[in-house]
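Q: Just need the structure, nothing else, for what follows:
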Amino acid sequence: MNSLPDISATDLANLRQALLLCLLPLIAFAAAAAPLSGWLVDDAGISFAYARNLANGAGLVSQPGKDPVEGFSNPLWTLLFVPSFWLSSNVPLWSAKILGHLLSYGVFFCGFQIVVRITRSALFGVLAMVFLALNTSFVVWNVSGLENPLYAFEVVALAYLGLLTLDRLSWRVAVAAGILAAGAALTRPDGIIFAALWPSALLVRSLRDGMLSPAVIRSGVAYAVAAAVPFIAYKGTALLYFGSLVPNTFHAKGSPGLDRLWAILRLDDVVTLNASGLLAGPFGFWWLSLGLFLVALVICIAAKRAVTPLIYLSGATALAFFAFVLLPADWMAEFRFATPFLVLFYPTFFSLLWVAASALPQAPLTTQQFPALLIVALLAVPSIFLHQVRLDRFYDEPVVSIDSVTERFGTRFNRVAEILEVEQGSFLLPDLGGTLLHSDLEIYDLAGLVDATIARTLWKDKVALRDYIFNEVKPTFILTYAYSALEADLDASPQFREHYVPLRESVDKIATEQSGRTMFSGAYVRKDVVADRPAVLARAREYLTVQP
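A: Residues are numbered from 1 along each chain as shown. Sure, this is the predicted structure:
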């Protein structure tokens, strides 16, 4: 098997140029992300809590002393934050922001290299990455504290290594691709799909050459071994430590099944709305993105220009699109699960435009690439307007933050526990990130992410769920609202009103509308905690009437 050639002075100059040019999209990204410098989404706090406990020697658990439950689905990202807690016990805001920017820079570098490798145009490479850098979804989720920037880098780097493999086989590239594939699978559960990304380059290469060479087979074996070793090592460790090969989130949230695939094949309204919304993301209109993409691809194939790499990249983009559509709709704004599609769409789309333009007859008094530059200039108008509006909307109303959950449920209920003179209390609620990081109470997760029993009963066995809550856990405090009130439906058990008294309660509009009957939600305390202490109970109720 051949190795990559030695790096020449020209290669080093090109590398330095690429690193410098990729600072331009990084600056654009940083400017767009600046208003979110103090924001981290609450879900990220779950990973931070596990990382902090591991760093402090308590193990990979949600709280010290709790049984090990794999309540996160991003183990590689979670482990990256352990060093942050060796340095400080505070929420790793700046570690998350720095990682988000550094990994985004890695995305820009790989995306730039993809475009330049096909078009030989540094200008088009920079333009493609600036468009990506200003995409609202990319900006928001890459600085959210979630795993998106790591996932994005792994996917686009895999695509770039696949592009290299179309030209030259190398065991080093095969091993690097295998490690990246394992990383993607350990960064998000659906990342296992992208294990097919680099082998598809071997397939495309073999089809182009009309043969399956021994070198291709050796590369495939090297890739498989490099991908399997870290993935199996982690899963083996998880089986021994957590007692399960799949994270607890699999049971809490479920996974795409045949019904989801059937919904895609039937083009259900929810599926088509989700898919068209994603395709509209880059330029405002789904038909514009899809139409230009397909027309450019057809022109490239008909003109026999860069067919092999463009088919490979188009297939990779289609794979990322399918991976997004396969997932259930997300309640959070701005396409949280679409990051792999975005980081592949922009370099592929811009490469297609450039090559298709070069295949068209040249108009008088214009350059060969004038059509491509004109299209990009025209697309910049709706793109800038669209993403400015979306970013402004997100700046004004970001998805629930760690700070807000900390204030509403963490430190606030610490104070309630003080008022009620509760020692070693417990708290059942559906919002975890900031609560796990700041609560003095033992936390039970009504969403089931970090609680194995609730994860397995919330959707399948309500009787067992309520038996667990009222007869085993017996939490000091319970908090429900909206869908947590609807799904748990604690009032279905007479034990709820027998053993708990409201601290704050009201008719829940969402739960009532969804169920078709009057449902209540609020904050509750166990009756034995406040028995014969009406004045203390009144103080706690008065404290909770002031909304943070």
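Q: separation between the residue lying closest to Ser200 once chain neighbours are set aside and Pro309?
A: Residue nearest to Ser200 in three dimensions, not counting chain neighbours: Gly315, with 6.1 Å by Cβ to Cβ, 6 or more residues apart in numbering. The way it works is simple: take the backbone N, C-alpha and C, and place the C-beta from them, glycine included. Gly315 is 11 Å from Pro309, where distance means Cβ to Cβ, to the nearest Å.
Q: same check, this time on Ser219
A: 17 Å.
Q: Am I right that the residue nearest to Ser200 is in contact with Pro199?
A: No: with contacts counted by Cβ atoms under 8 Å, Gly315 stays clear of Pro199, the gap being 11.6 Å.
Q: and whichever strand or helix holds Cys110, how far from the chain's centre?
A: Assigned by DSSP states H and E, Cys110 belongs to helix 93-119. Helix 93-119 has its average C-alpha position 16 Å from the chain's average C-alpha position, going by Cα atoms, centre = their mean, to the nearest Å.
Q: Which elements pack onto that helix?
A: The contact analysis (3 or more Cβ pairs under 8 Å, 6 or more residues apart in numbering; DSSP states H and E) places helix 93-119 against helix 9-21, helix 23-33, helix 122-133, helix 136-142, helix 148-167, helix 307-326, helix 339-359.
Q: Show me what counts as buried in that helix.
A: Residues of helix 93-119 classed as buried: 93, 95-97, 99-101, 103-119 (neighbour count, 16 or more other Cβ atoms under 10 Å).
Q: now do stretch 409-428
A: By neighbour count on 16+ other Cβ under 10 Å, the buried set for stretch 409-428 is 409-410, 412-414, 416-417, 419-420, 422, 425-428.
Q: do stretch 523-541 as well
A: 523-526, 529-530, 537, 540-541.
Q: Look at that stretch and report the distance between its end residues.
A: From its first residue to its last, stretch 523-541 covers 10 Å (Cα to Cα, to the nearest Å).
Q: mean confidence score for that stretch?
A: The average pLDDT for stretch 523-541 rounds to 94.
Q: got it, and stretch 69-84?
A: pLDDT averaged over stretch 69-84 gives 96.
Q: Residues contacting it, please?
A: 46-48, 50-52, 54-55, 60-62, 92, 95-96, 99, 146-147, 150, 183, 186-189, 234, 238, 242, 244, 247-250, 445, 449-452 (Cβ atoms under 8 Å, 6 or more residues apart in numbering).
Q: ditto for stretch 481-499
A: With contact meaning Cβ under 8 Å, 6+ apart, stretch 481-499 is reached by 429-430, 446-447, 458-459, 462, 465-466, 469-471, 474, 478, 480, 508, 510-511, 514-515, 519-522, 524, 526-528.
Q: Just the buried ones from those, in PyMOL syntax?
A: Listed next is the PyMOL selection for buried residues among those, using 16+ other Cβ under 10 Å:
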select buried, resi 429+430+446+447+458+462+465+466+469+470+474+478+480+508+511+519+520+521+522+524+526
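Q: And stretch 84-91, end to end?
A: 9 Å.
Q: which stretches of the stretch 151-300 of the chain form helices?
A: 171-185, 197-209, 214-242, 248-253, 258-265, 269-280, 286-303 (DSSP state H, counting those that start in this stretch).
Q: looking at the ones you listed, which is closest to Trp331?
A: Counting by Cβ to Cβ, Trp331 lies closest to helix 248-253 out of the helices of the stretch 151-300 of the chain; the figure is 11.3 Å.
Q: Flag every buried residue along the closest one.
A: For helix 248-253, the neighbour count (16+ other Cβ under 10 Å) marks 248-249, 251-253 as buried.
Q: that older thread, narrow the buried residues of stretch 409-428 to those in strands?
A: Members of those lying in strands (criterion: DSSP state E): 426-428.
Q: Any chance of those residues in JSON lines with distance to Phe496 and pLDDT as columns?
A: Shown next, in JSON lines, are those (distance: Cβ to Cβ, whole Å; pLDDT from 0 to 100):
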{"residue": "Ser426", "distance to Phe496": "16", "pLDDT": "97"}
{"residue": "Phe427", "distance to Phe496": "16", "pLDDT": "97"}
{"residue": "Leu428", "distance to Phe496": "11", "pLDDT": "97"}
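Q: Closest one to Leu327 out of those residues, please.
A: Leu428 (28.0 Å).
Q: so where is the stretch 251-400 of the chain shaky, pLDDT-wise?
A: Within the stretch 251-400 of the chain, the stretches with pLDDT under 70 are 254-267, 365-366.
Q: still on that earlier bit, mind picking the one among the buried residues of helix 248-253 that's closest to Ser289?
A: For these, the closest approach to Ser289 (Cβ to Cβ) belongs to Lys253, at 29.0 Å.
Q: how about the helices and strands packed on helix 93-119, which one is nearest Phe194?
A: Closest to Phe194 of the helices and strands packed on helix 93-119 is helix 148-167 (Cβ to Cβ; 5.5 Å).
Q: State the mean pLDDT of the closest one.
A: For helix 148-167, the mean pLDDT works out to 97.
Q: you'd agree Leu449 is up against Ala252?
A: Yes: with contact defined as Cβ under 8 Å, Leu449 and Ala252 form a contacting pair (5.1 Å).
Q: Helices of the stretch 351-500 of the chain, start to end?
A: Taking DSSP H, counting those that start in this stretch as the criterion, the stretch 351-500 of the chain contains helices spanning 370-396, 402-405, 411-419, 433-438, 452-457, 462-467, 482-488, 494-499.
Q: which helices and strands sit right next to the second one?
A: The contact analysis (3+ Cβ pairs under 8 Å, 6+ apart) places helix 402-405 against helix 44-55, helix 433-438.
Q: Take these and lay them out in JSON lines including distance to Leu19.
A: JSON lines is the format used below for these (distance: least, Cβ to Cβ, whole Å):
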{"stretch": "helix 44-55", "distance to Leu19": "29"}
{"stretch": "helix 433-438", "distance to Leu19": "35"}
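Q: got TSV for the ones you listed, with mean pLDDT and mean neighbour count too?
A: Below are the helices and strands packed on helix 402-405 laid out as TSV (pLDDT from 0 to 100; neighbours: other Cβ atoms under 10 Å):
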stretch	mean pLDDT	mean neighbour count
helix 44-55	97	24
helix 433-438	95	26
